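Participant: Could you work out the structure for the sequence below:
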Amino acid sequence: MTEVTANSGLLGKVDLHVEDSGGTGRPVVLIHGWPLSGASWSEQTGALSAAGYRVVAYDRRGFGQSDKPKGIGHAGYDYDTLAEDLHNLLVELDLNDVTLVGFSMGGGEVARYASKFDLERVHSVVFAAAVPPFLAKSDDNPEGPLDQATADSFESGLKDDRDAFFDQFTTNFFSANGELKVTEAQRLEAKALAQQSDQRAALGCLNSFGTTDFREDLKSVNVPTLVIHGDADGIVPFEGSGKRTHEAVPASELVLVKDAPHGFNVSHADEFNAALIAFLAK
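Facilitator: Residues are numbered from 1 along each chain as shown. Now for the predicted structure:
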């Protein structure tokens, strides 16, 4: 993987750190979850490259090795801005016939990209343990899996003690039915990636993925679509998210991985990669 920099931002330049395998294969763009970075795709990059694809993984603004722009409150970390970053990356690297793979929060970028920009550069999309259609539980969205008390506890935990919060979060991230499904070394690797995040970015993106309604965005998804989810996901539960996204996108394919936690691209990497590569081949 070669390190490159993509520039984004209409109001001020933001450099996005990108790992690009290069080559002539069809591009697969990997969009990471919160609060990690593009390095969280380490179990996928080699497998996808070996299958002949050009693999592009980038760090969202405010995370990993990308720029960490200062903002006021949650400004700069809304999904319109994040989808613009994705669009600018595709344009700058001149990527076409792309498959967008959005994990967790990254699924929001995929949905917003579909409605904000045309999909002429996009061959297909993947929602992996992704937050659409709408996490927040409300009178208008009773199936939303994220209640206000839980959202508040996330924010207060992040503000009060980042280290303790990330320690518990990564444990939950990789646990299914009370059992950690990765090695302790893998969990600590994820925690280290989380600690690279800027606090403003972490809080801003927490607000964005917890409160953004993607139900209208999903109506613009008109390319081949895979929804892949763990059936024991305790962070973004399947019933309130993946199941509803599958129902909202006509002719989408669904793969449900048994006994898999939220971070199943690591814990169940073989199953995840097999399903993804089979979908890419279509």
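
Participant: okay, now Tyr113: neighbour count?
Facilitator: 28 (other Cβ atoms under 10 Å). All C-beta spots, glycine's among them, are computed from the backbone N, C-alpha and C.

Participant: Repeat that for Thr5.
Facilitator: 13.

Participant: My read is that it contacts Lys13, right?
Facilitator: No: counting by Cβ atoms under 8 Å, Thr5 stays clear of Lys13, with 10.4 Å between them.

Participant: Would you state the helices of the chain in chain order?
Facilitator: 42-50, 79-92, 106-116, 148-160, 162-173, 184-195, 199-211, 242-248, 264-267, 269-280 (DSSP state H).

Participant: Next one: Leu95 relative to Phe279, how far apart?
Facilitator: Distance of Leu95 to Phe279, given as Cβ to Cβ, to the nearest Å: 18 Å.

Participant: who's in contact with the closest residue to Ala202 other than its chain neighbours?
Facilitator: With sequence-adjacent residues excluded and distances taken as Cβ to Cβ, 6 or more residues apart in numbering, Ala202 is closest to Pro35, at 5.0 Å. Contact partners of Pro35, counting by Cβ atoms under 8 Å, 6 or more residues apart in numbering, are Phe63, Phe166, Phe169, Leu193, Ala194, Ser197, Ala202, Cys205, Leu206.

Participant: Which pLDDT value belongs to the second one?
Facilitator: Just to be clear, that refers to Phe166. Listed pLDDT for Phe166 reads 98.

Participant: residues near it, how many?
Facilitator: 22.

Participant: Now it: closest residue in space that isn't a chain neighbour?
Facilitator: Excluding its sequence neighbours, the residue lying closest to Phe166 (Cβ to Cβ, 6+ apart) is Ala194, at 4.4 Å.

Participant: contacting residues for the one you found?
Facilitator: Pro35, Leu36, Phe166, Phe169, Thr170 are the contacts of Ala194 under Cβ under 8 Å, 6+ apart.

Participant: now the third one: how far from Ala190?
Facilitator: Using Cβ to Cβ, we find Phe166 at a distance of 9 Å from Ala190.

Participant: Apart from its neighbours in sequence, what residue is nearest Gln272?
Facilitator: Residue 272: Phe, not Gln. Among residues not flanking Phe272 along the chain, Asn265 sits closest, at 4.8 Å (Cβ to Cβ, 6+ apart).

Participant: Tell me the buried residues in stretch 116-127?
Facilitator: Within stretch 116-127, the residues that count as buried by 16 or more other Cβ atoms under 10 Å are Lys116, Phe117, Leu119, Arg121, Val122, His123, Ser124, Val125, Val126, Phe127.

Participant: Extract the C-alpha set from it and format it as CSV.
Facilitator: C-alpha atoms of stretch 116-127 as CSV (Å, rounded to 0.1, in the frame of the first residue of the first chain):
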residue,chain,number,x,y,z
LYS,A,116,-25.6,14.4,-2.5
PHE,A,117,-23.6,13.3,-5.6
ASP,A,118,-24.6,11.2,-8.6
LEU,A,119,-23.4,7.6,-8.6
GLU,A,120,-21.8,7.7,-12.1
ARG,A,121,-18.4,6.8,-10.6
VAL,A,122,-19.9,4.0,-8.5
HIS,A,123,-20.3,0.4,-9.5
SER,A,124,-21.8,-0.9,-6.2
VAL,A,125,-21.9,-0.2,-2.5
VAL,A,126,-21.6,-2.2,0.7
PHE,A,127,-23.2,-1.4,4.1
